[in-house]
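**Student:** please find the sequence and the predicted model below.
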Amino acid sequence: DCVIGNPPYIQLQKMGADADSLQKMNYETYERTGDIYCLFYEMGMKLLKPGALLSFITSNKWMRAGYGEPLRKHLSSKYNPTLLIDFANNKIFDSATVLVNILSLEKCSNQGHTLSCSVEDGFDVSKLSDYVQTHAVSSSFYASESWSILSDIERSIKAKIEAVGTPLKEWDIQINYGIKTGFNDAFIIDSVKRNEILNACHSEDERQRTAEIIRPILRGRDIKRYGYEFAGQYIIATFPSRQYNIDDYPALKEFLLSFGIERLEQTGKEYIIDGEKVKARKKTNNKWFETQDSISYWDEFSKPKIVWGNLNTRGSYAMAPENMFINAPACMIVPGCQYLLAMLNSKVADYYIRNLGVVRNGGFFEYKPMFVEQIPVPLPREEVVASIEDVLNSDVSDRLKDKRLEEIIESMFDFTEPEIAYLRNQ
């Protein structure tokens with residue numbers, strides 16, 4: 001007749017052989033990067049008789065995370081979500097740091113009406129029933145897309161953004177992560193070490209070749225809103241797609257080997273060296289001196305680009321010059337321009353993207369490419385581009401620039417005064 005519970009939260013990728021066994025059981029909600037509680041939803045609903053009810057309290061990540069897509073699709077296409085309470089940033093369990101929600105489902109077709117409530121920070125959990133009655137809205141969840149609980153004004157804002165804008169994935173741009181080396185201690189060096197390697201070269205030809213392969217790089221922490229602070233960090237850019245011969249770079253080879261070839265090789269093996277366990281980089285087909293990822297898009301780094309750190313309390317995008325590299329998990333858009341930079345840094349874009357993914361404790365959000373590519377941005381019009389560039393290139397204070405840019409961008413979406421006030425207060 002009913003299933004009520006608090007399933008365990010265990011990442012499937014940490015379960016080893018048990019995860020492999022679960023995958024063979026053909027769960028529709030199985031996702032290797034996901035969590036076992038997703039499978040409990042599927043099995044719980046399967047056990048119910050028609051018209052019966054299930055109610056779980058689980059992590060709320062499934063609502064927006066990529067691994068929750070199969071679960072969202074499964075539940076909305078087969079069953080009727082009747083109640084969804086998202087506790088957002090409120091910590092409900094003293095013994096667990098996970099952020100949670102309550103979802104109730106009926107074993108019948110989706111009726112398109114889910115009583116939904118997103119709980120504000122600092123609420124009194126003992127008054128949950130009263131809170132839901134006074135704050136709940138009706139939502140419809142029919143797809144694998146993120147499940148966001150929106151008020152009437154939030155729905156209106158979202159609809160206007162989508163009506164005017166074109167998702168960035170439909171633009172003629174490339175959105176990529178930065179470089180993943182698999183071993184930053186060896187492949188990312190400071191200017192002192194760079195000079196040591198160059199001074200160890202045996203000829204001017206070798207020095208020039210080696211200097212060409214050691215490129216300046218920005219980390220996520222170096223990237224600020226509308227700017228960056230270069231920290232004198234460099235990457236040894238031995239990308240597999242470039243097919244370098246390490247013997248052409250003797251000084252560089254000697255430096256890399258100082259870390260031990262067992263640590264650098266890409267086999268996933270473990271070794272015991274001088275009594276200590278040493279783990280190689282994950283298994284790939286790349287050579288020991290190459291970066292972990294092939295970086296087939298290496299030539300994109302030679303172009304002007306928009307860059308941003310992966311984890312931030314608000315969108316903080318900046319322009320980076322030609323031949324500046326980016327370290328993962330920082331990301332980039334190529335080609336970059338001032339118009340798109342201003343749009344991404346706006347409250348409109350930040351409001352939209354933060355409804356796509358999970359906001360962590362402290363208000364931190366992961367600005368992953370999978371979310372950024374969904375942001376609807378109006379295609380550039382000459383007069384709007386000119387206005388934005390004039391503001392960005394003006395000598396006024398940053399605060400005044402922000403104010404003027406927000407006004408230009410807000411005017412593109414036909415927002416009402418209450419909607420503008422709502423966005424500005426986010």
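**Tutor:** That came through, no problem.
**Student:** how far is stretch 112-126 from where the chain is centred?
**Tutor:** Distance of stretch 112-126 from the chain centroid (CA atoms, centre = their mean, to the nearest Å) equals 25 Å.
**Student:** just the terminal-to-terminal distance for it.
**Tutor:** 29 Å (CA to CA, to the nearest Å).
**Student:** now swap in stretch 294-314 and tell me
**Tutor:** End to end - CA to CA - stretch 294-314 spans 30 Å.
**Student:** so for the chain, the centremost residue is which one?
**Tutor:** Centroid-nearest residue in the chain: residue 368, 2.3 Å away (criterion: CA atoms, centre = their mean).
**Student:** list the contacts for that residue?
**Tutor:** The neighbours of residue 368, taking CB atoms under 8 Å, 6 or more residues apart in numbering as the test, are 310, 331, 357. From N, CA and C alone the C-beta is placed, and that goes for glycine too.
**Student:** for the residues you listed, which single residue is the most surrounded?
**Tutor:** Neighbour counts for these peak at residue 331, which has 23 neighbours (criterion: other CB atoms under 10 Å).
**Student:** which strand residues bridge that one?
**Tutor:** Note on residue 331: beta-bridge partners by DSSP bridges are residue 177, residue 308.
**Student:** roughly how far does it sit from residue 93?
**Tutor:** 33 Å (CB to CB, to the nearest Å).
**Student:** same question, residue 34
**Tutor:** Distance, residue 34 to residue 93, using CB to CB: 20 Å.
**Student:** and if you look at residue 190?
**Tutor:** 43 Å.
**Student:** per-residue pLDDT, residue 22?
**Tutor:** Note on residue 22: pLDDT of 93.
**Student:** give me the neighbour count for it.
**Tutor:** Neighbour count of residue 22, defined by other CB under 10 Å: 16.
**Student:** equivalent analysis for residue 275, please.
**Tutor:** Neighbour number of residue 275 under other CB under 10 Å is 5.
**Student:** same deal with residue 290?
**Tutor:** Residue 290 has 27 nearby residues by other CB under 10 Å.
**Student:** Three-state assignment for it, please.
**Tutor:** Assigned with DSSP: H, G, I helix; E, B strand; the rest coil, residue 290 falls in the coil class.
**Student:** quick one: pLDDT of it?
**Tutor:** Predicted confidence (pLDDT) for residue 290: 96.
**Student:** next one: residue 296
**Tutor:** The model reports residue 296 with a pLDDT of 87.
**Student:** next, it: phi, psi?
**Tutor:** Dihedral pair for residue 296: phi -70, psi -20, per degrees, to the nearest 10.
**Student:** grab the nearest non-local neighbour of it.
**Tutor:** Distances taken as CB to CB, 6 or more residues apart in numbering put residue 241 closest to residue 296, at 4.7 Å, once the chain neighbours are dropped.
**Student:** any idea which helix or strand comes after the helix or strand hosting residue 44?
**Tutor:** Here residue 44 sits within helix 37-47, counting by DSSP states H and E. Scanning forward in sequence from helix 37-47, with DSSP H and E defining helices and strands, the next element found is strand 53-59.
**Student:** who's in contact with residue 11?
**Tutor:** The contact partners of residue 11, by CB under 8 Å, 6+ apart, come to 33, 34, 35, 36.
**Student:** let me see the backbone angles for residue 313.
**Tutor:** Dihedral angles (degrees, to the nearest 10) for residue 313: phi -90, psi -10.
**Student:** can you check the one 4 residues further on too?
**Tutor:** Dihedral angles of residue 317 (phi, psi; degrees, to the nearest 10) stand at phi -110, psi 150.
**Student:** hmm, it is touching residue 346, no?
**Tutor:** No: counting by CB atoms under 8 Å, residue 317 does not reach residue 346; the two are 9.9 Å apart.
**Student:** who's more crowded, the two?
**Tutor:** Taking neighbours as other CB under 10 Å, residue 317 and residue 346 compare with residue 317 leading, 27 against 23.
**Student:** tell me the pLDDT at that one?
**Tutor:** Predicted confidence (pLDDT) for residue 317: 98.
**Student:** quick check: beta-bridge partners of it?
**Tutor:** residue 308.
**Student:** and it, how far is that from residue 342?
**Tutor:** 9 Å.
**Student:** is residue 235 part of a helix or strand, or is it coil?
**Tutor:** Taken by three-state DSSP, the conformation at residue 235 corresponds to strand.
**Student:** now do it against residue 301, distance only.
**Tutor:** Taken as CB to CB, the span from residue 235 to residue 301 is 10 Å.
**Student:** shared neighbours of the two, which are they?
**Tutor:** Counting by CB under 8 Å, 6+ apart, the shared contacts of residue 235 and residue 301 are 215, 325.
**Student:** which ones are touching residue 246?
**Tutor:** 238, 252, 253, 256, 287, 289.
**Student:** can you pull the pLDDT of it?
**Tutor:** We have a pLDDT of 97 for residue 246.
**Student:** how near is it to residue 240?
**Tutor:** Counting by CB to CB - residue 246 and residue 240 are separated by 12 Å.
**Student:** residues shared between the contacts of these two?
**Tutor:** residue 287.
**Student:** on that earlier part again, give me the buried subset of the contacts of residue 11.
**Tutor:** 34, 35, 36 (16 or more other CB atoms under 10 Å).
**Student:** okay, now the unreliable bits of the protein?
**Tutor:** 96 (pLDDT under 70).
**Student:** quick check, the residue nearest to residue 296 in a helix?
**Tutor:** Yes: with three-state DSSP as the criterion, residue 241 is part of a helix.
**Student:** wait, it touches residue 294, no?
**Tutor:** Yes: with contact defined as CB under 8 Å, residue 241 counts as touching residue 294 (4.8 Å).
**Student:** leaving out sequence neighbours, find the closest residue to residue 295.
**Tutor:** Closest residue to residue 295 apart from its sequence neighbours, by CB to CB, 6+ apart: residue 239 at 4.1 Å.
**Student:** what sits against that neighbour?
**Tutor:** With CB under 8 Å, 6+ apart, residue 239 has these contacts: 179, 290, 291, 293, 294, 295, 298.
**Student:** do residue 354 as well
**Tutor:** By CB under 8 Å, 6+ apart, the neighbours of residue 354 are residue 365.
**Student:** isn't residue 291 up against residue 237?
**Tutor:** Yes: here residue 291 reaches residue 237: they are 7.4 Å apart, a contact under CB under 8 Å.
**Student:** which residues do the two both contact?
**Tutor:** When CB under 8 Å, 6+ apart defines a contact, the residues bordering residue 291 and residue 237 alike are residue 179.
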